[in-house]
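Participant: predicted model and sequence below, questions to follow.
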Amino acid sequence: MMTLVTGGARSGKSSFAQKRALRLSPEPVYIATAEVNDEEFSGRVKRHQLERGSEWTTFEANRNIHELPIKARVVVLDCVTLWLAKIFSCNQYQTENSLKDFAAQFNRLCKVDCTLIIVTNEIGMGVHAQTESGRKFTDLQGWANQHIAEKAVEVICMISGIPLKIKPLANETI
């Protein structure tokens, strides 16, 4: 079972994912993909940590996530954007290589028998990136999100704290 939770910054994605995980398991897992590089971001991470209680098992990883002890667990992976940023930098900011690397890692994660709730950002819905690397990353994020959404049983888009189910579509074929 895999759910993708997407949306813009501060749309309520992480809170929604955490609440969903707690409804499914009394002891969920949280995988944080961020690398803390500055004081402001450190504050964001601490705020997220405080939102989770002692019932959570937390792992910090942005490579080989499939090797973590998550079999048969309910897992929140937060977030794809920061995971991709690490992959993008490791691949010298080459979009095609980064997408292949991400897809390979993600496909290995999909083979783990667990319930995944994956948080990602819809960065392509915001301001157009001014730099070439920013535009490349926006493309990478969009393609990665499509790859995940294709495999997900459910896709939720968060807008202003409100979850909108966009997959599966109710009684509709396209």
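Facilitator: Okay, I see it. Residues are numbered from 1 along each chain as shown.

Participant: so which bits of the host helix or strand of K100 are buried?
Facilitator: Using DSSP states H and E, K100 maps to helix 95-110. With burial defined by 16 or more other CB atoms under 10 Å, the residues of helix 95-110 counted as buried are 95, 98-99, 101-102, 105-106, 109. All C-beta spots, glycine's among them, are computed from the backbone N, C-alpha and C.

Participant: need the residues you listed in CSV with pLDDT and distance to A129, can you?
Facilitator: Output for the buried residues of helix 95-110, formatted as CSV (pLDDT from 0 to 100; distance: CB to CB, whole Å):
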residue, pLDDT, distance to A129
T95, 95, 13
S98, 97, 15
L99, 97, 17
D101, 97, 21
F102, 97, 19
Q105, 97, 24
F106, 97, 23
L109, 97, 27
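
Participant: now distance to L4 too, for the residues you listed, in TSV please.
Facilitator: Formatted as TSV, those follow (distance: CB to CB, whole Å):
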residue	distance to L4
T95	21
S98	19
L99	17
D101	19
F102	14
Q105	16
F106	11
L109	13
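
Participant: could you list every residue that touches the nearest residue to S160 once chain neighbours are set aside?
Facilitator: Nearest residue to S160, sequence neighbours excluded (CB to CB, 6 or more residues apart in numbering): S11, at 6.7 Å. Neighbour list for S11: 158-161 [criterion: CB atoms under 8 Å, 6 or more residues apart in numbering].
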